[in-house]
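*Asks:* What follows is a predicted protein model with its sequence.
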Amino acid sequence: MMQNTLHTEDYELQLAEKVDRLKSLMAPYAAPEPEIFSSPTSHYRMRAEFRIWHEGDDLFHIMFDKETKERIRMTSFPVASQLINDMMAELLPLLKRTELLRHKLFQIDYLSTLSNKLIVSLLYHKKLGDEWTEQAKQLKEDLVAKGFDVQIIGRASKTKIMLDHDYVDEILPVKGKDMVYRQVENSFTQPNAQVNIKMLEWAIDATQHSTGDLLELYCGNGNFSLALAQNFNKVLATEIAKPSVHAAQYNIEANKIDNVQIIRMSAEDFTQAMNGVREFNRLEGINLADYQCNTIFVDPPRSGLDDKTVQLVQEYDHILYISCNPETLCDNLAELTKTHRIEKLALFDQFPYTHHMESGVLLTRR
């Protein structure tokens, strides 16, 4: 959404169109009626990225229209959280007054939380050094004085400067319990926090009467692993990105969860390990035979599951699949529904006013 205003009156219509599209896509697979989880109609996105445009002594946030490539000045961004909008208004005047901080600044990335914390990443086409760090410290002091709980990060080619640290700790109320999730700058996090809460609660309900253990692929910072741990004896989860693995380990401790084990492996490598194709040093000390996983959870990238992972997934009695791309989900379901039937279907409107939609299916062995 590349504009400063939202037509919130159109929200229910666009959501209804997504529901119809999902039903149509799922019709060949005998799916039940979907549960629908709507989004707030504004200030729902917890992340935002803007290019910075310089005109003389002035600078401002811009985005580019995808079709016309027109440059659009962003004085506000109602898609983004209120916290990001507040920071946008306060940050630029402070940057304008400091030549070192504004010179060759080409992008600003924002990451906000419901717990009222914020990371501001300043991206430059120049080298950053001690002088930049001192000016950035003053910038942070000025923003803290204005009431912001903010981390400032400077990025340039092969350079990353942190004044304190590069993460914020989000707190999400899930099923009446506050869950702590460390979120690392420049790593994946769910963009729509309110819909993420609904996704977590749906997943908990969908697996409420599960037996045995849970295997999760693509676990990220443990977003689903930790919420679902209450429904299983043990959880074994894989993730390849090192910052996400470290965040997940912190989140396990912060939430006082003792039945989750994170392995730093890709889904493809883990599939090979499970099939006995290769041995991996990263599995040293972990006996896969100790896990009685009847349920597998996957939240893959937009490309969906590769063929070998689909075959691995089919070995489990229950499959919980969260998808950010219904087309690749359907590609996978063409194979998965040969062995499993769809018990539950959900639509999560993570991305209002766009054609993108998140969906969830629970499949059980036929």
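*Replies:* Right, received. Where do you want to start? Numbering: from 1, shown residues only.

*Asks:* OK, contacts around residue 175?
*Replies:* For residue 175, the contact set (Cβ atoms under 8 Å, 6 or more residues apart in numbering) comprises 200-201, 204. In short, each C-beta sits where N, CA and C put it, glycine included.

*Asks:* per-residue pLDDT, it?
*Replies:* Looking at residue 175, its pLDDT reads 96.

*Asks:* go on, residue 206?
*Replies:* Per-residue pLDDT puts residue 206 at 97.

*Asks:* So it sits against residue 320, correct?
*Replies:* Yes: if you go by Cβ atoms under 8 Å, residue 206 and residue 320 touch, sitting 6.3 Å apart.

*Asks:* any weak-confidence spans in the stretch 251-366 of the chain?
*Replies:* Per-residue confidence of the stretch 251-366 of the chain (counting by pLDDT under 70) places no residue in a weak region.

*Asks:* the strands in it, which residues?
*Replies:* 260-264, 293-298, 318-323, 340-348, 358-365 (DSSP state E, counting those that start in this stretch).

*Asks:* Describe which strands the last one pairs with in its sheet and in which direction.
*Replies:* Paired with strand 358-365 in the same sheet, following DSSP bridges, are strand 318-323 (antiparallel), strand 340-348 (antiparallel).

*Asks:* ok now do the residue of the chain positioned farthest from its centre, which residues does it touch?
*Replies:* What lies farthest from the middle of the chain is residue 56; by Cα atoms, centre = their mean that is 37.1 Å. Shown in contact with residue 56 (Cβ under 8 Å, 6+ apart): no residues.

*Asks:* Ramachandran coordinates for it?
*Replies:* Phi and psi for residue 56, reported as degrees, to the nearest 10, are phi 60, psi -120.

*Asks:* Return the per-residue confidence for it.
*Replies:* 90.

*Asks:* do the same with the one 5 residues further on
*Replies:* In this model, residue 61 is scored at 97, pLDDT.

*Asks:* in whichever strand or helix holds residue 169, what counts as buried?
*Replies:* Here residue 169 sits within strand 167-174, counting by DSSP states H and E. For strand 167-174, the neighbour count (16 or more other Cβ atoms under 10 Å) marks 167-168, 170, 172, 174 as buried.

*Asks:* same question, stretch 107-126
*Replies:* Neighbour-count burial for stretch 107-126 [16+ other Cβ under 10 Å]: 108-115, 117-124.

*Asks:* How about stretch 128-137?
*Replies:* 128, 132, 135-136.

*Asks:* who touches that stretch?
*Replies:* Under Cβ under 8 Å, 6+ apart, the answer for stretch 128-137 is 98, 100-101, 122, 152, 154, 156, 159, 161, 163.

*Asks:* Next, format those residues as TSV and append pLDDT.
*Replies:* Below are the contacts of stretch 128-137 laid out as TSV (pLDDT from 0 to 100):
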residue	pLDDT
98	94
100	96
101	97
122	98
152	98
154	98
156	98
159	96
161	98
163	96
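
*Asks:* so which pair among these is furthest apart in space?
*Replies:* Spatial extent of those (Cβ to Cβ) is set by the pair 98 and 159 at 18.7 Å.

*Asks:* which non-adjacent residue is nearest residue 327?
*Replies:* Nearest residue to residue 327 in three dimensions, chain neighbours excluded: residue 25, at 7.6 Å (Cβ to Cβ, 6 or more residues apart in numbering).

*Asks:* For that neighbour, which three-state class applies?
*Replies:* Three-state assignment for residue 25 (DSSP: H, G, I helix; E, B strand; the rest coil): helix.

*Asks:* That one - how many residues pack around it?
*Replies:* 16 (other Cβ atoms under 10 Å).

*Asks:* Roughly how far does it sit from residue 337?
*Replies:* 13 Å (Cβ to Cβ, to the nearest Å).
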